[in-house]
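>>> Sequence first, predicted model second:
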Amino acid sequence: MAAIQLRIGTRKSVMALAQTGEIARCLTAAVPGLDVEIVKFETSGDSDQVGKLLPHGGKGGAFVAEIRKAVISGGLQAAMHSLKDMPGNEDTPGLVIGATLSRDPPGDVLVLRPGVSVDDLRASRGRGFKLGTNAVRRAAYARRLFPDIEVIHYRGAADTRVRKLDGLQMQRLPDGGAVGPADALIMARSGLERIGLAGRIAYEFSISEMLPAVGQGIVAVECAAQDWQTRRILSSIDDPAAHASADAEREVLWVLNGHCNSPIAGFSTIDGARMTLTASVLDETGGLFIEATRAGPADRPRELGRAVGLELLARGAADIIERSRPQ
């Protein structure tokens, strides 16, 4: 019997390759005779390590669009994405999420350059400290936690960012200038664990301190909606709880019609037959903050996400999002 071929596209970063390697191992263990080929892409967001993501179309344009096109054209059967990089406020006709792996730890953590301690940061409320991040959500929460901190534009794959932090390197800017060096970074715990840098975690933010990005910690595999063979294959590794959380959290993004410059967060948990979902909208300064929490049946995640999104809109989220929209 001939082996079944499955070509999966992914970014060529260390983290993306680690995620895709796990998908390949899970698939080959679940489907006898399956031959998985990993196809590496250098997306526009990977090749441009200086500019902001907005000119590339946000995270979706920078890290997702090129691989999606290969699936739509038939060059790939599937594409691996970090769910938090997938735009939730726009439809992608012809594509579906065929599988999600079980959720990795979803929280954000603090990584410090050698010689700096968390106590130093707390005592100063961030005064004199430079925090490197490209995520407007992390920047907004950081400003709430450390009112005097200076947030600087900081790009690169996870391992690259840590190397720049340790080497006291300046971050080049699109206009030719530079900022830095950074004293601290806020990063995803799951990403650091995947690339073997969990030992650099100096502090883990609680969910109440810093609500994760929608889908953070979830690895998604996308495929063509009408490719039933691939959908059957991918269903063999799908984690129902992670998939339900993905549906609930992404529904919030859909309702809010957020964009890549919107500090929007969302996180859900499942306890038996019940799901609890919390989502928030902040302005970039962290000064304006709206949060909503609701619970509902775990088997109706989109309805719960819609209810939370509508509550945020009723409490003024649309105005905050609109003010953050690029002019």
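Structure's in. What do you need? Numbers count the residues shown, from 1 in each chain.

>>> Can you give me the end-to-end span of stretch 76-84?
21 Å (CA to CA, to the nearest Å).

>>> pLDDT (mean, whole number) over it?
Here stretch 76-84 scores 94 as its mean pLDDT.

>>> got it, and stretch 88-106?
Stretch 88-106 comes out at a mean pLDDT of 87.

>>> got the buried residues for it?
88-89, 92, 95-101, 103-104, 106 (16 or more other CB atoms under 10 Å). (C-beta placed from N, C-alpha, C; glycine too.)

>>> and what of stretch 22-42?
Those would be 22-24, 26-27, 31, 34, 36, 38-39, 41, for stretch 22-42 by 16+ other CB under 10 Å.

>>> just the strands in the stretch 1-150 of the chain please.
4-11, 34-41, 78-82, 95-100, 108-112, 130-133, 150-153 (DSSP state E, counting those that start in this stretch).

>>> The second one pairs with which strands, and in what direction?
Spelled out, that is strand 34-41. strand 4-11 (parallel) (DSSP bridges).

>>> Report the inter-axis angle for the partner strand versus strand 78-82.
For strand 4-11 against strand 78-82, the angle by axes from the mean of the first three to the mean of the last three CA atoms, to 10 degrees is 40 degrees.

>>> Tell me the one of the buried residues of stretch 22-42 nearest A224?
Within those, the smallest distance to A224 is 15.4 Å, found for V39 (CB to CB).

>>> Give me the buried stretch members for stretch 116-130, please.
Residues of stretch 116-130 classed as buried: 121, 126, 129-130 (neighbour count, 16+ other CB under 10 Å).

>>> Residue ranges in this structure under the pLDDT threshold?
Within the chain, the stretches with pLDDT under 70 are 1-2, 43-63, 89-91, 259-261, 326-327.

>>> so what are the domain limits for it?
Split into domains by automatic domain parsing, the chain comes to 1-101+218-238, 108-204, 239-321.

>>> what about the helices in the chain?
Taking DSSP state H, the helices of the chain run over residues 14-30, 44-47, 58-59, 65-73, 118-124, 136-145, 158-166, 189-194, 228-235, 240-256, 301-314, 317-324.

>>> picking up where we left off before, what's the closest of the domains of the chain to L211?
Taking CB to CB, domain 239-321 is the member of those nearest to L211, at 3.7 Å.

>>> Compute the first-to-last residue distance for that closest one.
Start-to-end, domain 239-321 (CA to CA) is 32 Å.

>>> Now do that domain: distance to the chain's middle.
From the chain centre to the centre of domain 239-321 is a distance of 14 Å (CA atoms, centre = their mean, to the nearest Å).

>>> Equivalent analysis for stretch 207-224, please.
5 Å.

>>> Start and end of it, how far apart?
34 Å.

>>> mind listing what's buried in that stretch?
210-224.

>>> Stretch 289-300 too?
Judged by neighbour count (16+ other CB under 10 Å), stretch 289-300 contains these buried residues: 290-292, 294, 296, 298.

>>> Mind checking which of those residues land in strands?
290-292, 294, 296 (DSSP state E).

>>> re the thing from before, deepest of the domains of the chain, which one?
domain 239-321 (a mean of 20; mean count of other CB atoms under 10 Å).

>>> Could you pull up the contacting residues of the residue positioned nearest the centre of the chain?
When CA atoms, centre = their mean is applied to the chain, the residue found nearest the centroid is K84 (2.7 Å). Applying CB atoms under 8 Å, 6 or more residues apart in numbering, we find K84 in contact with 59, 213-216, 218.

>>> go again using 6 Å as the cut-off
213, 215-216 (CB atoms under 6 Å, 6 or more residues apart in numbering).

>>> Considering these, which is situated nearest to Y203?
Nearest to Y203 out of the contacts of K84 is Q216 (CB to CB; 17.1 Å).

>>> Of the contacts of K84, which is the nearest to I237?
G215 (17.3 Å).
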